[in-house]
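Trainee: Sharing a model prediction with you, sequence too.
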Amino acid sequence: EVRVALTSDLVAPMERIAAMFQKESGHTVQSTPDASGRLYAQIRKGKAFDVFLSADEELPKRLLQQGAAVAGSRFIYATGRLVLWSAQAGYVDDKGLVLNRGGFEKLAMSNPLSSPYGVAAKETLTQLTMWNAMQRRLDKRDDVVEAQRLAATERAELAFIALSQVMRDGKIGTGSWWLVPPEMHTPIRQSAVLLSNAQDAQAAKAFLTFLKSEKAVQVMRGFGYEFP
């Protein structure tokens, strides 16, 4: 069994990747999804994981510096995309002008203190000179899953979330959205690392190798992740 500390945006693709990996290797994958910053804190407190799949580069680098991850094991497995999404069809235009228009009560996002997608959302609003003006409408959640849930149940008209949460097989199925131009925020370079206290290091290494495979990349591409 490979125990994976999993950034929340990867939940849906990981279901497919884990099933494929199990079929090929016989190893099961047990994922614990949460915001990257919260997972990092759990790892530092000694929670038992074999692999950390973060939504950024910084946290795995920190674990390496602290000796909590295996030297030379870190790599970028995908680049994520941020999307402004609404459950209502036709509500969001493809340039994000809905933010200027106002007329909404709540904009959900993940907390920048614990979520790289929250950082990207904050940077985007800052670029648009809206961060300060938007404070009373912002509903900051622990992770992107909670932010999407608010928008999906229409308790928030809008949410900044990961593209992977609403895209399947290259298509966004429901609602309306603005795909945020990548130059509006720091690139969401998502990186993986092998943890020093992995109980089955061979299985964990095999999983990380599989994550780089064309099969895994194709799955992630279908969910909107980008690759060099």
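Mentor: Perfect, I can see it now.
Trainee: Mark out where each domain of the protein begins and ends.
Mentor: Domain assignment of the chain by automatic domain parsing yields the ranges 2-79+188-222, 81-184.
Trainee: I'd like the ones you listed as JSON lines, with distance to Pro228 appended.
Mentor: From N, CA and C alone the C-beta is placed, and that goes for glycine too. As requested, those are arranged in JSON lines below (distance: least, C-beta to C-beta, whole Å):
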{"stretch": "domain 2-79+188-222", "distance to Pro228": "8"}
{"stretch": "domain 81-184", "distance to Pro228": "13"}
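Trainee: And the longest helix anywhere in the chain, what's buried?
Mentor: Criterion DSSP state H: the longest helix present in the chain is helix 11-25. Residues 11-14, 16-18, 21 are the ones in helix 11-25 that count as buried (16 or more other C-beta atoms under 10 Å).
Trainee: Determine how far stretch 122-141 lies from the middle of the whole chain.
Mentor: Relative to its chain's centre, stretch 122-141 lies at 19 Å (C-alpha atoms, centre = their mean, to the nearest Å).
Trainee: got the end-to-end distance for that stretch?
Mentor: Length of stretch 122-141, first residue to last, C-alpha to C-alpha, to the nearest Å: 13 Å.
Trainee: just to revisit the earlier point, can I get the domains of the chain in JSON lines with mean pLDDT?
Mentor: Conversion of the domains of the chain to JSON lines gives the following (pLDDT from 0 to 100):
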{"stretch": "domain 2-79+188-222", "mean pLDDT": "98"}
{"stretch": "domain 81-184", "mean pLDDT": "96"}
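Trainee: Could you export the buried residues of helix 11-25 as CSV, including distance to Gly67?
Mentor: Rendered in CSV, the data for the buried residues of helix 11-25 read as follows (distance: C-beta to C-beta, whole Å):
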residue, distance to Gly67
Val11, 29
Ala12, 33
Pro13, 30
Met14, 27
Arg16, 33
Ile17, 28
Ala18, 28
Phe21, 28
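Trainee: and which of the residues you listed is nearest Gly37?
Mentor: Proximity of the buried residues of helix 11-25 to Gly37, judged by C-beta to C-beta, is greatest for Val11, which lies at 16.8 Å.
Trainee: Give the bridge partners for the closest residue to that closest one other than its chain neighbours, please.
Mentor: Excluding the flanking residues, the one nearest Val11 by C-beta to C-beta, 6 or more residues apart in numbering is Pro33, at 5.0 Å. When bridges are assigned using DSSP bridges, the partners listed for Pro33 are Leu6.
Trainee: ok, Pro33 - contacts?
Mentor: For Pro33, the residues meeting the contact criterion (C-beta atoms under 8 Å, 6 or more residues apart in numbering) are 6-8, 10-11, 143, 145.
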